[in-house]
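**Q** below are the sequence and a predicted model for it; my questions follow.
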Amino acid sequence: MDIKKLSAAGCAAILALTLGACGNTSASNDKNHSTDHASAAKAAGEKFTIGFDPNFPPYGYKDEKTGEYVGFDIDLAKEVAKRNEWKFVPQPIDWDAKDMELNSGTVDCLWNGFTINGREDKYTWSKPYVDNSIVFVTKTADKITDTKGLAGKHVLVQADSSGLTALENKDNKDLKDSFASLDQVPDYNQAFMNMESGAADAVAVDVGVANFQVQAREKGKFTIMNPPFHTEQYGIGFKKGNESLRDQVQKALDEMKADGTFMKLAEKHAVEKSVIKD
């Protein structure tokens, strides 16, 4: 056997393995960089992508006339991006898949009427900015005036929503057990259409969404039941541990509150009674 040929072949094999390893390391580093990038502070010119439910007015939804995404949270996020010189990207998502979208880095944060209560340790949160109430909406003709009137009724709620979380709270167990059924739907547009058709008797929903939906439909057809059966707070949810990006966003929000921009946007979307001003 020719030792020189063997040595040459061995060196070639070692070189190939080394290059392959370097290639894999590079690919791995690129992947890690991509993952880390989704959990780091952002420089001017970078994209700022928010994940939101596109059927959650007045916080985030599509304007039927313009085809653009609008809403209180959309406007807040857009202004935050502007002040940080980021490229704003509103990314509609399936709300059931929100954690996957956030953890994969597809979106930088979840910003769309997102309830803090009960999720305190699951995300890195902004300061709360909305005091939210969960209410029932019923058909006015049914004359249901309080929660006792919901006994034996068919109630709807959005899947994986704050309304569902509230009804699954042990404090509301007796109330939930009194319903004939509690069914989940993909979004509140569907819930209200089902109630209009007679397929349901009530919807458990955030008060801001309730006000929007009731005003958008036939006058006097629906009634918002008072008082609310649950209260909570909204915040912006970031990937756990991503304090850097959270702090950048919070700084801009604090500035917006100080200069009046925050309240102007709240008034524009008729949520000024719910927002936390300080």
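**A** Looks like it arrived, so ask away.
**Q** list the contacts of Leu150.
**A** Residues near Leu150 by CB atoms under 8 Å, 6 or more residues apart in numbering: 136, 138, 144, 175, 178-179, 201-202. Every C-beta, even on glycine, is put in place using the N, C-alpha and C of the backbone.
**Q** I meant to write Val157 there.
**A** Going by CB under 8 Å, 6+ apart, Val157 touches 163-164, 167, 182-185, 191, 203-205.
**Q** repeat the analysis, applying 6 Å as the threshold.
**A** With contact set as CB atoms under 6 Å, 6 or more residues apart in numbering, Val157 has these partners: 163-164, 184, 204.
**Q** helix or strand for it, just tell me which one.
**A** Assigned by DSSP states H and E, Val157 falls within strand 154-158.
**Q** can you pull out the low-pLDDT segments for this structure?
**A** The chain contains residues with pLDDT under 70 at 1-40.
**Q** circling back: mind giving me the PyMOL command for buried ones among the contacts of Val157?
**A** The following PyMOL line selects those of these that are buried, judged by 16 or more other CB atoms under 10 Å:
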select buried, resi 163+164+204
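**Q** follow-up on the earlier one: now render the contacts of Leu150 as a markdown table, adding secondary structure.
**A** Shown next, in a markdown table, are the contacts of Leu150 (DSSP: H, G, I helix; E, B strand; the rest coil):
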| residue | secondary structure |
| --- | --- |
| Phe136 | strand |
| Thr138 | strand |
| Ile144 | coil |
| Leu175 | helix |
| Ser178 | helix |
| Phe179 | coil |
| Asp201 | coil |
| Ala202 | strand |
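**Q** show me which of those are buried.
**A** 136, 138, 144, 175, 179, 201-202.
**Q** can you map out the helices along the protein?
**A** 3-37, 72-83, 98-103, 162-168, 173-178, 188-197, 207-216, 243-259, 261-268 (DSSP state H).
**Q** would you mind measuring from Gln166 to Asp174?
**A** In this structure residue 166 is Ala, not Gln. Applying CB to CB, to the nearest Å, the value for Ala166 to Asp174 is 14 Å.
**Q** higher neighbour count, those two?
**A** Neighbours were counted for Ala166 and for Asp174 using other CB atoms under 10 Å; Ala166 has more, 25 against 9.
**Q** ok, the more buried one - contacts?
**A** Counting by CB under 6 Å, 6+ apart, Ala166 touches 134, 230.
**Q** let's see it at 8 Å
**A** 134, 172, 204, 229-230, 232.
**Q** among the residues you listed, who's most crowded?
**A** Ala204 (30 neighbours).
**Q** returning to what we had before: what's the closest of the buried ones among the contacts of Leu150 to Lys273?
**A** Phe136 (18.9 Å; CB to CB).
**Q** quick one on the thing from earlier: list the strands paired with the strand holding Val157, with their directions.
**A** In the sheet, strand 154-158 lines up against strand 181-185 (parallel), strand 202-206 (parallel) (DSSP bridges).
**Q** out of those strands, which is the most enclosed?
**A** Most buried of the strands paired with strand 154-158, by mean neighbour count (mean count of other CB atoms under 10 Å): strand 202-206, with a mean of 27.
**Q** give me the contact list for that one.
**A** Contacts of strand 202-206 (CB under 8 Å, 6+ apart): 113, 132-138, 144, 150, 153-158, 161-164, 166-167, 188, 191-192, 195, 210, 213, 225, 229.
**Q** what about stretch 67-84, distance to the chain center?
**A** Centroid separation for stretch 67-84 versus its chain: 14 Å, with CA atoms, centre = their mean, to the nearest Å.
**Q** residues near Asp121, how many?
**A** Neighbour tally, Asp121, other CB under 10 Å: 8.
**Q** for it, give its distance to Gln250.
**A** With CB to CB as the criterion, Asp121 and Gln250 are 19 Å apart.
**Q** likewise for Phe48?
**A** For Phe48, the distance to Gln250 equals 14 Å [CB to CB].
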